[in-house]
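**Student:** Sequence unavailable; structure follows:
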């Protein structure tokens with residue numbers, strides 16, 4: 001655990017997976033380190049946003065309370081909701097995108113040493129591709145990219161929806177890559193964007209939604225050498 005104003009910046013036991021050094025490197029590489037030391041340093045804000053992904057049903061203030069729950073006796077900030085929102089905007093999305101790129105990996109070497117069942121099949125890394133739909137905040141900026149659901153009365157309802165498609169290593173549950181965008185495009189429309197992270201030596205499992213001849217031919221062909229689509233998690237701005 002860090003000291004001073006950095007104390008709330010942690011994920012408990014998960015901090016060993018996303019250590020301070022990794023977060024600091026992402027902030028430095030993206031130019032998001034604070035210009036002056038604040039009550040909410042950039043590193044702390046990154047951990048706050050990561051924790052918000054674990055507690056999706058609570059607001060930032062409640063997430064902050066969880067981060068500080070084990071810090072009894074230490075002087076920690078008690079920010080207002082507006083301060084947390086401003087800190088989130090100050091740090092921006094680039095450090096989170098950089099962290100994703102640092103963490104996503106098939107971890108082939110580690111998987112071989114783990115001895116887990118289901119990691120490999122006939123010496124091929126077993127992976128799977130599948131998608132889901134998530135809701136995002138109902139803001140004007142999000143509504144320029146994403147759409148609300150429809151009702152039987154022809155009106156829009158709920159929150160803007162985001163389609164997410166991921167390529168995952170089955171044995172270790174490691175995310176190899178993920179792409180996302182409007183739900184008006186189907187899963188097959190995003191599948192090609194994951195091919196930049198596919199390679200020889202993988203076997204990819206998919207449900208019947210992917211049972212299309214053109215998609216199968218593209219998946220079996222030469223793997224792209226780089227990521228170029230704006231819909232990839234490593235390059236989207238939303």
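**Tutor:** Thanks, I have it. Everything numeric in this text was worked out from a predicted model, so none of it was measured.
**Student:** ok, the longest strand belonging to the chain: who's next to it in the sheet?
**Tutor:** The longest strand of the chain (DSSP state E) is strand 156-169. In the sheet, strand 156-169 lines up against strand 124-135 (antiparallel), strand 147-150 (antiparallel), strand 174-182 (antiparallel) (DSSP bridges).
**Student:** Let's have the ones you listed in a markdown table, adding mean neighbour count.
**Tutor:** Backbone N, C-alpha and C define where each C-beta goes, glycine included. Output for these, formatted as a markdown table (neighbours: other CB atoms under 10 Å):
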| stretch | mean neighbour count |
| --- | --- |
| strand 124-135 | 17 |
| strand 147-150 | 14 |
| strand 174-182 | 21 |
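**Student:** Minimum distance to residue 81: which of these has it?
**Tutor:** Closest to residue 81 of those is strand 124-135 (CB to CB; 20.1 Å).
**Student:** Please pull out the lowest mean pLDDT helix or strand from this structure.
**Tutor:** helix 108-114 (a mean of 56; mean pLDDT, DSSP states H and E).
**Student:** per-residue confidence for the most centrally placed residue in the chain?
**Tutor:** Nearest residue to the geometric centre of the chain (CA atoms, centre = their mean): residue 100, 6.0 Å. Residue 100 is assigned 92 on the pLDDT scale.
**Student:** Tell me the secondary structure of it, please.
**Tutor:** helix (DSSP: H, G, I helix; E, B strand; the rest coil).
**Student:** picking that back up, lowest average pLDDT across the strands paired with strand 156-169?
**Tutor:** strand 147-150 (a mean of 82).
**Student:** which residues sit against that one?
**Tutor:** 138, 156, 157, 158, 159, 160, 161, 182, 183, 184 (CB atoms under 8 Å, 6 or more residues apart in numbering).
**Student:** tally of neighbours for residue 119?
**Tutor:** Residues near residue 119, counting by other CB atoms under 10 Å, number 19.
**Student:** does the residue nearest to residue 12 when sequence neighbours are not counted sit in a helix, a strand or a coil?
**Tutor:** Closest residue in space to residue 12, ignoring its immediate chain neighbours: residue 70 at 7.7 Å, by CB to CB, 6 or more residues apart in numbering. Following three-state DSSP, residue 70 is assigned to coil.
**Student:** From residue 134, how far off is residue 70?
**Tutor:** Relative to residue 134, residue 70 is positioned 29 Å away (CB to CB, to the nearest Å).
**Student:** How about residue 10?
**Tutor:** In terms of CB to CB, residue 10 sits 25 Å off from residue 134.
**Student:** residues in contact with residue 68?
**Tutor:** Neighbours of residue 68 in contact, by CB under 8 Å, 6+ apart: 7, 8, 76.
**Student:** Lowest-confidence member of these, which is it?
**Tutor:** Out of these, that is residue 76, at 85.
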